[in-house]
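> Need a 3D model of the sequence below.
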Amino acid sequence: MTAATIIAEIGVDMGAFASAAHLASWAGICPGNHQSAGRQKTGKARKGNVHLKTALITAAVAVAKIRKCYLGEKHRRLRARRGEMRAHAAIAHKILVAAYHMLATDAEYVDLGPTYLDRVDQKRTAQHLTRRLQELGYNVQITPKAA
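Prediction:
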């Protein structure tokens, strides 16, 4: 249903949008940012296509319940830091950007997998987990696994 709504609202010709960011802005699903004098103020998302935004947020809520996929894992990480509703909006943005690239390049969707975010920067993940264990009172020594 979400795919049908996306096609119905934006069409299949992505020439109308200069980039995925322009499409997200038009849809009203882009992240808001309001800063003044170096202070961060509320960054509400702008008004956009109501039907498209509703379908994308609904899809984001559904994908949050899936355990073994990239978007589900990304949602859980964002929810821990930013809250439930902001995580839904961020995942809706990711879905729209992916749809734009699939329609623009005529490519199929390839899920990156739930461990993608850990594989991106293994050193940073290892340091983070080591620090958390040390804060809990454990002595930790990391050695690479033999091939």
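> any residues touching the helix or strand hosting Thr58, and which ones?
Taking DSSP states H and E as the criterion, the element that holds Thr58 is helix 50-63. Residues outside helix 50-63 that contact it (C-beta atoms under 8 Å, 6 or more residues apart in numbering): 1-2, 5-6, 8-10, 27-29, 69, 71-72, 75, 87-89, 91-93, 95-96. Using the backbone N, CA and C atoms, a C-beta is placed for each residue, glycine as well.
> Need the three-state assignment for Gly113.
For Gly113, the secondary structure call by DSSP: H, G, I helix; E, B strand; the rest coil comes out as coil.
> residue contacts, it?
Contacts of Gly113 (C-beta under 8 Å, 6+ apart): Lys68, Cys69, Tyr70.
> tell me the pLDDT at it?
Listed pLDDT for Gly113 reads 86.
> how close does it get to Val97?
Here the criterion is C-beta to C-beta, to the nearest Å. By it, Gly113 lies 18 Å from Val97.
> And Lys47, by the same measure?
19 Å.
> buried residues in the helix ranked longest in the chain?
Longest helix of the chain, by residue count under DSSP state H: helix 84-105. Buried residues in helix 84-105, defined by neighbour count with 16 or more other C-beta atoms under 10 Å: 87-97, 99-100, 102-104.
> which of those lies closest to Thr130?
Ala87 (26.3 Å; C-beta to C-beta).
> check contacts around the closest one.
Contacts of Ala87 (C-beta under 8 Å, 6+ apart): Ala60, Ala64, His75, Leu78, Arg79.
> and the residue nearest the centre of the chain, what does it touch?
Residue closest to the average C-alpha location in the chain (C-alpha atoms, centre = their mean): Ile91, at 3.9 Å. Ile91 is in contact with Ala60, Val63, Ala64, Leu71, Lys74, His75, Leu78, counting by C-beta under 8 Å, 6+ apart.
> Thanks again, I'm all set now.
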